[in-house]
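Engineer: this is a predicted model, with the sequence first.
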Amino acid sequence: MKQTSYSIVEGFSIFLISLTQWVFTKSLQFQTQIYHFFVHVFGTVVRWILCFIDKDRYNHAVIVQEQSMSMQELEILFQVSKVKNDVLTRGSWTEEHSFMLINCEERLSTECNWSNKRINDYFKSVINEIPGVMYASTNIEDDGTMDLL
C-alpha cells in the first residue's frame, strides 16, 4: 500500500512539475513575441514621427549609423587580416590565433549580422591563403564554431 501511494504521489508530482514547466515556457515565449511586436511598433511610430518632423536630419542619422556599422565591420576584418599576417610572419599557427579568429567570427555574426555561410566562405578564403594551414569547417552551421587545423 505504501509503495502504491508513493508511486502515485511521485507520478503526480512529476506530472505537475512537467506541466508547470511547459506552461511557463509557453508563457515566456508568448511574452517574448509580444515584446518584439511592441518594440517593432514603437520603432516604426518613432521613425514616422522623426521623418515627419525633419526628414533630412533623420536620413542623415540613418547614414551616420550605417557608416558606423561599416566601420565596425572593417575593424573586425582588419583584425582577421592582422592574424593572417602574424601567422605568415611567425611561420606558425598558435592557439592564440584560433581564439582571435573565433572572437572575430562571433563579432561578425552578432555585431554585423553576417550569416554563417558568409563567415565560413570568408574565413575559408583567408585561411587557405596561409601555407601549411587548412581551414576545416564541417559544423559551422550546426553549433556556430570553427574548426581550425
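Structural biologist: Looks like it came in fine.
Engineer: if I look at the most centrally placed residue in the chain, how far off is Asn103?
Structural biologist: Computing the C-alpha centroid of the chain and ranking residues by CA atoms, centre = their mean puts Thr110 first, at 3.8 Å. Noted for Thr110: a distance of 11 Å to Asn103, by CB to CB, to the nearest Å. The way it works is simple: take the backbone N, C-alpha and C, and place the C-beta from them, glycine included.
Engineer: check Gly91 too.
Structural biologist: From Gly91 to Asn103 the distance is 23 Å (CB to CB).
Engineer: show me where this structure has strands.
Structural biologist: 135-136, 147-148 (DSSP state E).
Engineer: mind telling me which of the ones you listed the model trusts least?
Structural biologist: Note on these: strand 147-148 shows the lowest mean pLDDT, a mean of 48.
Engineer: which ones are touching Phe42?
Structural biologist: With contact taken as CB atoms under 8 Å, 6 or more residues apart in numbering, Phe42 is in contact with no other residue.
Engineer: pLDDT score for it?
Structural biologist: At Phe42, the predicted lDDT confidence score is 95.
Engineer: how is the chain partitioned into domains?
Structural biologist: 1-53, 69-149 (automatic domain parsing).
Engineer: so where's this protein shaky on pLDDT?
Structural biologist: 136-149 (pLDDT under 70).
Engineer: cutoff 90 now
Structural biologist: For the chain, the stretches with pLDDT under 90 are 1-7, 9-10, 87-88, 90-95, 97-98, 124-149.
Engineer: quick check: longest helix of the protein.
Structural biologist: Among the elements of the chain assigned as helix by DSSP state H, the one spanning the most residues is helix 2-53.
Engineer: so what's the gap between that helix and the chain middle?
Structural biologist: Centre-to-centre, helix 2-53 and its host chain are 22 Å apart (CA atoms, centre = their mean, to the nearest Å).
Engineer: cool, and stretch 106-113?
Structural biologist: Between the centre of stretch 106-113 and the centre of its host chain there is 6 Å, according to CA atoms, centre = their mean.
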